[in-house]
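Undergrad: Here is my input; please provide its structure:
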Amino acid sequence: MMVNTDYLVPMTEANQNFSRVVRTVDENGLAVILKNNKPRYVVVDFDEYDTISAALQMRKAKIDGVADTLIDENMDALLELAK
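TA: Got it, this is the predicted structure:
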């Protein structure tokens, strides 16, 4: 995953200066907090979180629907395998 370096905030600085994290989110839409020099946490605006959460729920519903269809279409084979 490519991360813009403008979004990066070291954990130490995030702990000591959380206002920088907030300012980064306000300016860029997100901040990536580094732990041991590796991207570990993402802080996003709450509206963006709502958008991400809704997309994940739609994805889960789609996957559940496909799984249900596959089970329905293959019920005989699944019951035979369960014996």
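Undergrad: So what's the gap between the strand or helix carrying Asp76 and the chain middle?
TA: Using DSSP states H and E, the secondary-structure element containing Asp76 is helix 75-81. Its chain's average C-alpha position is 35 Å from that of helix 75-81, according to Cα atoms, centre = their mean, to the nearest Å.
Undergrad: Need the contact partners of it.
TA: Residues outside helix 75-81 that contact it (Cβ atoms under 8 Å, 6 or more residues apart in numbering): Ile71. Just so you know, the C-beta spots here come from the backbone N, C-alpha and C atoms, and that holds for glycine as well.
Undergrad: so what are the domain limits for the protein?
TA: Structural domains of the chain, as assigned by automatic domain parsing, span the residue ranges 1-44, 45-83.
Undergrad: Most tightly packed of those?
TA: Taking mean count of other Cβ atoms under 10 Å as the contact definition, the stretch among the domains of the chain with the greatest mean neighbour count is domain 1-44, which reaches a mean of 13.
Undergrad: Adding mean pLDDT, write the domains of the chain out as JSON lines.
TA: Formatted as JSON lines, the domains of the chain follow (pLDDT from 0 to 100):
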{"stretch": "domain 1-44", "mean pLDDT": "91"}
{"stretch": "domain 45-83", "mean pLDDT": "93"}
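Undergrad: Can you tell me the element Ile33 falls in?
TA: When elements are defined using DSSP H and E, Ile33 is found to belong to strand 30-35.
Undergrad: so what does the following helix or strand past that strand touch, helix or strand wise?
TA: Read in the C-terminal direction, the helix or strand following strand 30-35 is strand 38-44, with elements assigned using DSSP H and E. The criterion is 3 or more Cβ pairs under 8 Å, 6 or more residues apart in numbering; DSSP states H and E, and the helices and strands that strand 38-44 contacts are helix 18-28, strand 30-35.
Undergrad: out of the ones you listed, which comes closest to Asp45?
TA: With Cβ to Cβ, the closest approach to Asp45 among the helices and strands packed on strand 38-44 belongs to helix 18-28: 5.8 Å.
Undergrad: export the closest one as PDB, just CAs?
TA: Output in PDB follows, covering the C-alpha atoms of helix 18-28 (Å, rounded to 0.1, in the frame of the first residue of the first chain):
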ATOM      1  CA  PHE A  18      -2.300  14.900  19.200                       C
ATOM      2  CA  SER A  19      -3.300  18.300  17.700                       C
ATOM      3  CA  ARG A  20      -0.900  17.500  14.900                       C
ATOM      4  CA  VAL A  21      -2.800  14.300  14.200                       C
ATOM      5  CA  VAL A  22      -6.100  16.200  14.100                       C
ATOM      6  CA  ARG A  23      -4.600  18.900  11.900                       C
ATOM      7  CA  THR A  24      -3.300  16.300   9.500                       C
ATOM      8  CA  VAL A  25      -6.700  14.700   9.300                       C
ATOM      9  CA  ASP A  26      -8.300  18.100   8.700                       C
ATOM     10  CA  GLU A  27      -5.900  18.900   5.900                       C
ATOM     11  CA  ASN A  28      -5.600  15.500   4.200                       C
END
